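Enquirer: build me a structure from this.
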Amino acid sequence: MFTFLPLVMQAVVFTDVTFEKAIEFNDYCHDHKPPISFIKAEVRGLFGSIFCDFGPEFTVFDVDGEEPRTGIIASISNDNPALVSCVDDERLEFQDGDLVALSEVKGMTELNDGKPRKIKNARAYSFTLEEDTSDFGIYEKGGIVTQIKEPKVLNFKTLREAIKDPGDFLLSDFSKFDRPPLLHLAFQALDKFVSEMGRLPVAGSEVDAQKLVSLASLINENSGDDRLEDINPKLLRHFAFGARAVLNPMAAMFGGIVGQEVVKACSGKFHPLFQFFYFDSVESLPTANLDPSEFMPLNSRYDAQISVFGSKLQKKLEDANLFVVGSGALGCEFLKNLALMGVSCGKQGKLTITDDDVIEKSNLSRQFLFRDWNIGQAKSTVAASAASLINPHLRIEALQNRVGSQTENVFDDTFWENLTAVVNALDNVNARLYVDQRCLYFQKPLLESGTLGAKCNTQMVIPHLTENYGASRDPPEKQAPMCTVHSFPHNIDHCLTWARSEFEGLVEKTPAEVNAYLSNPVEYTNAMNKAGDAQSRDTLEHVLECLKKEKCETLQDCISWARLKFEDYFSDRVKQLIYTFPEDASTSTGAPFWSAPKRFPHPLQFSSTDPSHLHFVMAASILRAETFGIPVPDRVRNPKVIAEAVDKVIVPDFQPKEGVKIETDEKATNLSNASVDDAVIISELIRKLELCRENLPAGFRMKPIQFEKDDDTNYHMDLIAGLANMRARNYSIPEVDKLKAKFIAGRIIPAIATSTAMATGLVCLELYKVLDGGHKVEDYRNTFANLALPLFSMAEPVPCKVIKHQDLSWTVWDRWTLKNNPTLRELLQWFTGKGLSAYSISFGSCLLYNSMFPRHRERMDRKVVDLVREVAKVELPAYRRHFDVVVACDDDEGNDVDIPTVSIYFR
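Expert: Residues are numbered from 1 along each chain as shown. Below you'll find the model as predicted:
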């Protein structure tokens, strides 16, 4: 019966199987040598369950998937236990009980043995080490502390045992802490119902619902010490009504979770779900009581959904006017879900999707509406076509416009006013904030979500109920100071940031500047003369170098250039740095200059026998040749050929320079050193450029290279990884492989299909509530989840703040509107009717009215729109039907009152 399992299976997933069969399969998988990971998943309407058994002893090699945490040591005491303090460059993320290893410690070298040591009393910048260092050497300087991630062994119970003794349930919603035991009972009762009746309960059948409640009550009575005091018949009734339905959002959410569990079972990466997980979204049900006839099937593809929500809500789904912003990983999943749910599939419905991006090869791993042959095509167009194949009734329009202030002629007032809701599927904060402001202004629900690797979050922004997306912001990501990146790196991220910058300067920006100069020399040099600053001077120096001193005409020239760049970057610059700041240098306060987090560098000695040195030269010379349009034969990719060519290059000896200024101020934003002679130097550089241009072939142009991370054959990442790793070698920083370099330098936001599926499923469960329209703020859920742990944290959204004045109240969602193109007098009288006195009215930075200026009274009978045109000298575009004014008001007692935005409709 099970002969197919042991040969090929590492994990099995069962859906829609009875407990009896599941127990039989699970016993076999659990006892098999080696064990076969067993996962049972079930979705019934708005309820779902997962059970995992990965065997008697399952080893997790990486419990959370995070990079090992590190810190730079500032001091270590000779104590028992030893106190370790770290530099306050970045907060430590250690926890009590973590194991760490120390390295590169000077003085107290006994700690450099690589031995794992436990820490306690973890603080932001310090911890105590469970080690007696009283007799160790005195700490001098340096040192890195690195977290050691130990494997964890989990002992799973079989389903047969776990049903009776489930242990701790994985909780998802802290407002439902008593729900998992009840659902554990409900799914057993449903299994019993199917066993006795040979079918699932019928939607809307009170008889079937009561039968399920009775079975649950009977199982509960026989549960001994685990007996529940209240089995919640109302909830069980909802469970029975939806038992026949598999809803798309629930399937997407549970598919994401189960998919990640399969990966865990096969890889040992991330902590498995241990062992039961129950979830419900009963709040998604319509708020109104429905007649049983509402649940009757209509012989349509949406009958399962109708059996849970009723036909009225289904009609609202089909007639919705939805705007999906973004068509990447999230956007594709949303389109799939919405098409299957029937959203915007009715005669009154419409779904607009926009994305200005095109499909790249790297998208294909998680954006499942795209195929190989779609690479280079518009994402929104391809996604819309694929969604229409899923549901031919989907009324969808695909646009290629970026949503922003520059496209308000496309997404105009009428467009926003006609929307039912907006679904964000974006990957940057600025775009999210813009859409948030539009939704706030036009009072439209916004369903927000995002993913980062195995993590995902959702946020519901509901008019007049919740705060808006922009009301709470994460702190900006900390950027390394420029001087750290350019001269004092202490981690690989600094090296890669520098490498990416140098790559762009060498093969993109400088060639582009050369072309700009050659295309229009007079205009270009005039602009440089006018700027007359250090940046213009540096740019001209690079252009002149490229066309004269470093101009390449043959492949050997390119190889020579690459070899000399190696010497400049990784030898001469380092020698100059340590000449300016010797190892024993001190700061102005007398402290050692080379103290943590600074790392003292060492120049590299080029060797043609070092593969990494040769690979750097090969990548740099190939790209240099490309910028000059020089053909590159295949033989250049042979290390022996490169080595022979490199050995011919004459490398001048380094001579240190006196008085070189190296920026050490962490607040500096520009590394170009300004000079009083900049204007004179610029004039001389321009003169030399003119002489150089006369010797160039007619029509000479360079070919700038734009960074492309997804082509592994173009040598872009080879050069960046080479730059970063050689620099890391200078500073004794651990190097990275090309893939890791690509991840950091390519600024790739990690995205996987599992967390994307879960996030979109959760959002679509909230969409039911939005389109029903009758839910309170406590019915909605914001979610943060981390499938690696796994962790699910759901909570009510934060309510919007209510401002009150006398009998009036308003929130950030309110916008006071005046229609019929009012005059200034009518506007002032409108405020008087609210018990407010408007003493100042402005449009932008222009004052339209102030009660202190007598001449402004002459404007009373003028239309406000005319004042905007004449006083502010603004021409309102044809697509604009209204404009906003800022009104300053006070009450009867002279107190200023902060009022909502005031919109005046003139068309």
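Enquirer: for this structure, which spans come out with low pLDDT?
Expert: Across the chain, the ranges flagged by pLDDT under 70 are 1-8, 474-478, 480, 667-676, 748.
Enquirer: how about a cut-off of 80?
Expert: 1-8, 89, 473-481, 663-678, 710, 744-750 (pLDDT under 80).
Enquirer: against Leu836, how distant is the spatially most central residue of the chain?
Expert: What sits nearest the mean C-alpha location of the chain, by Cα atoms, centre = their mean, is Leu452, with 4.9 Å. For Leu452, the distance to Leu836 (Cβ to Cβ, to the nearest Å) stands at 46 Å. C-betas here are computed from N, CA, C, even on glycine.
Enquirer: same deal with Thr811?
Expert: 17 Å.
Enquirer: okay, these two: which has more neighbours?
Expert: A direct count of neighbours by other Cβ atoms under 10 Å for Thr811 and Leu836 places Leu836 higher, at 20 against 17.
Enquirer: which residues does the more buried one contact?
Expert: His805, Cys889, Asp890, Asp891, Val897, Ile899 (Cβ atoms under 8 Å, 6 or more residues apart in numbering).
Enquirer: contact partners for the fifth one?
Expert: Shown in contact with Val897 (Cβ under 8 Å, 6+ apart): His805, Leu836, Cys889, Asp890, Asp891.
Enquirer: hey, what's the fourth one bridged with?
Expert: Okay, so that is Asp890. Ser837, Asp896 (DSSP bridges).
Enquirer: all strands for the stretch 201-350 of the chain, in order.
Expert: Counting by DSSP state E, counting those that start in this stretch, the stretch 201-350 of the chain has strands at residues 276-280, 321-325, 350-354.
Enquirer: ok, which of those strands comes nearest Lys575?
Expert: Evaluated with Cβ to Cβ, the strands of the stretch 201-350 of the chain place strand 321-325 nearest to Lys575, the distance being 52.2 Å.
Enquirer: that closest one: how far from the chain's middle?
Expert: Chain-centre distance of strand 321-325: 21 Å, with Cα atoms, centre = their mean, to the nearest Å.
Enquirer: helices or strands next to that strand in the packing?
Expert: The contact analysis (3 or more Cβ pairs under 8 Å, 6 or more residues apart in numbering; DSSP states H and E) places strand 321-325 against helix 329-341, strand 350-354, strand 421-424.
Enquirer: in CSV, list the ones you listed along with distance to Pro392.
Expert: Putting those into CSV (distance: least, Cβ to Cβ, whole Å) gives the following:
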stretch, distance to Pro392
helix 329-341, 9
strand 350-354, 14
strand 421-424, 21
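Enquirer: any chance of those in TSV, with mean neighbour count and distance to His882 too?
Expert: Shown next, in TSV, are the helices and strands packed on strand 321-325 (neighbours: other Cβ atoms under 10 Å; distance: least, Cβ to Cβ, whole Å):
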stretch	mean neighbour count	distance to His882
helix 329-341	26	30
strand 350-354	22	22
strand 421-424	26	20
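Enquirer: to Ser608, which of the ones you listed lies closest?
Expert: Once those are compared by Cβ to Cβ, helix 329-341 is nearest, at 44.4 Å.
Enquirer: so which elements touch the closest one?
Expert: helix 248-267, strand 321-325, strand 350-354, helix 379-390, strand 446-452, helix 753-772.
Enquirer: partners of the fifth one, with directions?
Expert: Listed by DSSP bridges, the sheet partners of strand 446-452 and their directions read strand 421-424 (parallel), strand 455-461 (antiparallel).
Enquirer: minimum distance to Phe51: which of those has it?
Expert: Nearest of the strands paired with strand 446-452 (Cβ to Cβ): strand 455-461, 22.4 Å.
Enquirer: by contact count, what packs against the following helix or strand past the closest one?
Expert: Downstream of strand 455-461, the first helix or strand assigned by DSSP states H and E is helix 482-487. Secondary-structure packing of helix 482-487 (3+ Cβ pairs under 8 Å, 6+ apart): helix 492-504.
Enquirer: got a list of contacts for the helix it packs on?
Expert: So helix 492-504 is contacted by 480, 484-486, 489, 569, 707, 716, 719-721, 723-725, 727-728, 731, 733-736, 741, 744-745 (Cβ under 8 Å, 6+ apart).
Enquirer: ditto for stretch 158-171
Expert: 19, 22-23, 26-27, 30, 38, 40, 51, 53, 157, 177, 180-181, 184, 188, 273-278, 790, 792.
Enquirer: which among those end up buried?
Expert: Among the contacts of stretch 158-171, those classed as buried by 16 or more other Cβ atoms under 10 Å are 19, 22-23, 26, 30, 38, 40, 51, 53, 157, 180-181, 184, 188, 273-278, 790, 792.
Enquirer: in strands, which of the residues you listed appear?
Expert: Using DSSP state E, the members of those that fall in strands are Phe38, Lys40, Phe51, Asp53, Phe276, Phe277, Tyr278, Phe792.
Enquirer: all helices for the stretch 101-250 of the chain, in order.
Expert: Using DSSP state H, counting those that start in this stretch, the helices of the stretch 101-250 of the chain run over residues 159-164, 179-197, 206-221, 233-241, 248-267.
Enquirer: report the buried residues of the third one.
Expert: Going by neighbour count (16+ other Cβ under 10 Å), the buried part of helix 206-221 is Asp208, Ala209, Lys211, Leu212, Val213, Leu215, Ala216, Ser217, Ile219, Asn220.
Enquirer: surely the second one and Gly242 touch.
Expert: In other words, Ala209. No: the pair Ala209 / Gly242 is not scored as a contact, 10.6 Å apart, by Cβ atoms under 8 Å.
Enquirer: could you pull out the residues contacting both of those two?
Expert: By Cβ under 8 Å, 6+ apart, no residue touches both Ala209 and Gly242.
Enquirer: picking up where we left off before, show me the contacts of helix 492-504 that map onto helices.
Expert: If you go by DSSP state H, these have 484-486, 716, 719-721, 723-725, 727-728, 741, 744-745 in helices.
Enquirer: which two in the residues you listed are spaced the farthest apart?
Expert: Counting by Cβ to Cβ, the most remote pair of the ones in helices among the contacts of helix 492-504 is Thr484 and His716, 24.6 Å apart.
Enquirer: tell me how far Lys834 lies from Trp810.
Expert: Distance of Lys834 to Trp810, given as Cβ to Cβ: 11 Å.
Enquirer: and what of Leu335?
Expert: Using Cβ to Cβ, Leu335 is found at 36 Å from Trp810.
Enquirer: so which of the contacts of Leu836 is the closest to Leu762?
Expert: Ile899 (36.3 Å).
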